[in-house]
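Trainee: pasting the sequence and the predicted model now:
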Amino acid sequence: MGKVRAERTVVILMIVMINICLLVPVWQSATNSQLRFKLAQTEEQMKLQEEQKMVIVANIAKQMTPEYLIEQSETRNLVFTQIDSASSTFVASNR
Amino acid sequence: MARQSYDDWNFMGEVQKEEKRVKSARLGKVRQINNQRNSFIFLCIVILLTFMGLVCVYSASFETAVAEGLPHYYYLIRQAIYVGIGIALMVMANLLPETGLKVMSPIMFFACIVLLVFDTITKQDILMNSETVNFLFLSGVMYMALYFSGRGNKITRIRQIIVPVTGCIIVLVCVMLHRNFSYALMYLALSVAMFATGGVGFFGVVLLLLYAAVPVTCVILSKSERILAVARFFIPGLGTNARAADIMTVKSAIASGSWFGKGLGGGAYKNGVISDLAGKNILACICEELGFWGVILIVILMAVYAYVGYNAARNIRKSNGFYSNLAIGITTMVVWQFLLNIAWVLGFIPSDGLPMPFFSFGIGVIPILFESGLLYRITRAKPTAEEGEKIIESIQDELMFPERYDFENP
């Protein structure tokens, strides 16, 4: 009786082990899928950041043009006034 | 002198008696060995189906989990918890005394009826969803098994029919009001099986079918989309809706699996391509990844499950009517649910589907394992006192005359 019970336990454990072994390729596929998903997400983020960088560089370049300076001075109602160098005093200089 | 005494002994018919006794003892022993073997085979099949189900659920759900930002094993862990609860209930089903089961049966059925009526009135889905509906089926089977086992000869035939028929009608009407035709079909099949095994006979079964036919026809004819759904069964290309598109995708997934499948985890129809892939549509995933032979293996396992269940019911028929009826009901429930799921996935049934037993994701696996535990208990059921005596005699005989029990060369 004890021998039969032991045999049966071994058979049941074998079935469980076979199924655990079947899980391995699925686990690998799932891990692969998760990594691919993370990679795709990271690549998308990189693309977005690259786009943002381009936009920032373009903005800087645009703001450095004389047309932009004139436009902004008009928008903010600034008037260019000549500074009289004779009447002005240097307080400090970084040079 | 010795010859004469032998003749005298033979004259008294002792030899014939002895031969008969040996034969019956041998039969009893063989039957006991068969029962033990069957119960072990049954246990192996249940374990195999449950763990295969876990693997298939994992394979069908990891893409969805990843897309939802969850760990890929999220649904596997959840299903493993359900399976753990189911196994605990399976063990409990084997430890409960028979009286406890008998007391539990009507209480469970009454509770389910109350919950069903509550669901119908408040239009909720506490009991009437694909995961919990198995509790309703189980309670119905247990109640009918108990009713038919105890009252067969004590009451009139009309009363024997009316009480279970009334219970069936209440359940069927409530289920039909929920517009779940698959559940209705399932409960109807169970009722027919229980009526047939309960000795109600042809008249009772026809009465039940007539009762069921009227509301079914009324409900089907009450809305145009239902008529269209039935018509689509006969003319597959008729009209287009989400379900029809789903069936087409399922069929292409099944076809892509070919003979040996793409391998576990290698399916392409995941992450919402097929709706509820880990649930009711898991057959599509199995076909795609395990191929035709994988599905054949599952069908064979279910066939053996059915054989062992019905065989156990037949073996215990004379000694325990309740167990016998219960075995027939449970086996019919699991097998019929399996067949209905296949029919629904392939578009043969124009209604909501049922989950595949052992394989679909959800708490539906808990009642299935509890039922399997009950069935395992029935396959292990001890023989009657009469059969027990024969077995003891056979052991005594075996000790005295070992040459008579040479089973290798009978």
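Mentor: On my side now, so go ahead. This one's a predicted model, so the numbers in the text were calculated from it and none came from an experiment.

Trainee: now do the contacts for the one residue in the stretch 101-250 of chain B that gets nearest to chain A.
Mentor: Among the residues of the stretch 101-250 of chain B, B:Thr249 lies closest to chain A, at 19.9 Å counting by C-beta to the nearest C-beta. To be clear about C-beta, it is placed using only N, CA and C from the backbone, and glycine gets the same treatment. By C-beta atoms under 8 Å, 6 or more residues apart in numbering or on different chains, B:Thr249 lies in contact with B:Tyr269, B:Val273, B:Ile274, B:Ala284.

Trainee: of these, which is the nearest to B:Asn94?
Mentor: Of all these, B:Ala284 has the smallest distance to B:Asn94: 34.7 Å, by C-beta to C-beta.

Trainee: wait, isn't the closest one in contact with B:Ser275?
Mentor: No: using C-beta atoms under 8 Å, B:Ala284 makes no contact with B:Ser275, being 10.2 Å away.

Trainee: quick one: average pLDDT of whichever strand or helix holds B:Leu290?
Mentor: B:Leu290 is part of helix B:282-315 when elements are defined by DSSP states H and E. For helix B:282-315, mean pLDDT rounds to 89.

Trainee: how would you label the residue of chain B at minimum distance from chain A: helix, strand or coil?
Mentor: Taking C-beta to the nearest C-beta as the measure, the point where chain B comes nearest chain A is B:Gly265, at 3.0 Å. Following DSSP: H, G, I helix; E, B strand; the rest coil, we place B:Gly265 in the coil state.

Trainee: tell me how many other residues crowd it.
Mentor: Residue crowding around B:Gly265 was assessed by other C-beta atoms under 10 Å in any protein chain shown; the count is 25.

Trainee: report pLDDT for the closest residue to it other than its chain neighbours.
Mentor: Distances taken as C-beta to C-beta, 6 or more residues apart in numbering or on different chains place A:Ser29 nearest to B:Gly265, at 3.0 Å, with adjacent residues excluded. On the pLDDT scale, A:Ser29 is placed at 89.

Trainee: A:Ser29 reaches B:Glu63, doesn't it?
Mentor: No: A:Ser29 lies out of contact with B:Glu63 (C-beta under 8 Å); the separation is 9.2 Å.

Trainee: more crowded one of those two?
Mentor: Neighbour count, other C-beta under 10 Å: between A:Ser29 and B:Glu63, B:Glu63 has more, with 25 against 21.

Trainee: distance check, the spatially most central residue of chain A against chain B.
Mentor: By C-alpha atoms, centre = their mean, chain A has its centre lying nearest to A:Gln45, at 3.8 Å. Separation of A:Gln45 from chain B (C-beta to the nearest C-beta, to the nearest Å): 14 Å.

Trainee: and if you look at A:Val24?
Mentor: A:Val24 sits at a distance of 9 Å from chain B (criterion: C-beta to the nearest C-beta).

Trainee: burial measure for that residue, as a count.
Mentor: Per other C-beta under 10 Å, the neighbour tally for A:Val24 reads 12.

Trainee: next: the one 4 residues further on.
Mentor: The local packing count at A:Gln28 equals 12, with neighbours defined by other C-beta under 10 Å.

Trainee: which helix or which strand is home to the closest residue to chain B within chain A?
Mentor: Per C-beta to the nearest C-beta, the residue of chain A with the smallest distance to chain B is A:Ser29, at 3.0 Å. A:Ser29 is part of helix A:2-63 when elements are defined by DSSP H and E.

Trainee: need the residues of chain B near chain A, please.
Mentor: Within chain B, the positions lying close to chain A (C-beta under 8 Å from any C-beta of the partner chain) are B:40, B:43-44, B:47-48, B:51-52, B:54-55, B:58-59, B:62-63, B:66-67, B:71-73, B:263-266.

Trainee: which of those residues are buried, as a ChimeraX select command?
Mentor: To isolate the buried ones among the residues of chain B next to chain A in ChimeraX, judged by 16 or more other C-beta atoms under 10 Å in any protein chain shown, type:
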select /B:40,43,44,47,48,51,52,54,55,58,59,62,63,66,72,73,264,265
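
Trainee: got the phi/psi numbers for A:Ser93?
Mentor: Backbone torsions for A:Ser93, taken as degrees, to the nearest 10, come to phi -150, psi 150.

Trainee: and the pLDDT at it?
Mentor: Looking at A:Ser93, its pLDDT is 75.

Trainee: what's the answer for B:Tyr6, then?
Mentor: The predicted local confidence for B:Tyr6 is 60.

Trainee: what of A:Thr81?
Mentor: As predicted, A:Thr81 sits at a pLDDT of 79.

Trainee: ok, how many other residues are close to A:Leu48?
Mentor: Neighbour count for A:Leu48, taken as other C-beta under 10 Å: 10.

Trainee: repeat for B:Ile77
Mentor: 11.

Trainee: can I assume B:Tyr147 is in contact with B:Val163?
Mentor: Yes: judged on C-beta under 8 Å, B:Tyr147 makes contact with B:Val163 at a distance of 6.7 Å.

Trainee: what number of residues lie near B:Phe181?
Mentor: For B:Phe181, using other C-beta under 10 Å, the count is 20.

Trainee: and it, how far is that from B:Ala343?
Mentor: Plainly put, B:Phe181 is 12 Å away from B:Ala343 if you go by C-beta to C-beta, to the nearest Å.

Trainee: for B:Val365, same thing?
Mentor: To B:Ala343, B:Val365 is 21 Å away according to C-beta to C-beta.

Trainee: still on that earlier bit, neighbour-wise, which of B:Tyr147 and B:Val163 wins?
Mentor: Between B:Tyr147 and B:Val163, counting by other C-beta under 10 Å, B:Tyr147 is the more crowded of the two (21 against 15).

Trainee: host element of that one?
Mentor: Using DSSP H and E, B:Tyr147 falls within helix B:133-151.

Trainee: more crowded one of B:Ala284 and B:Ser275?
Mentor: Shown here are B:Ala284 and B:Ser275; by other C-beta under 10 Å, B:Ala284 has more neighbours (28 against 14).
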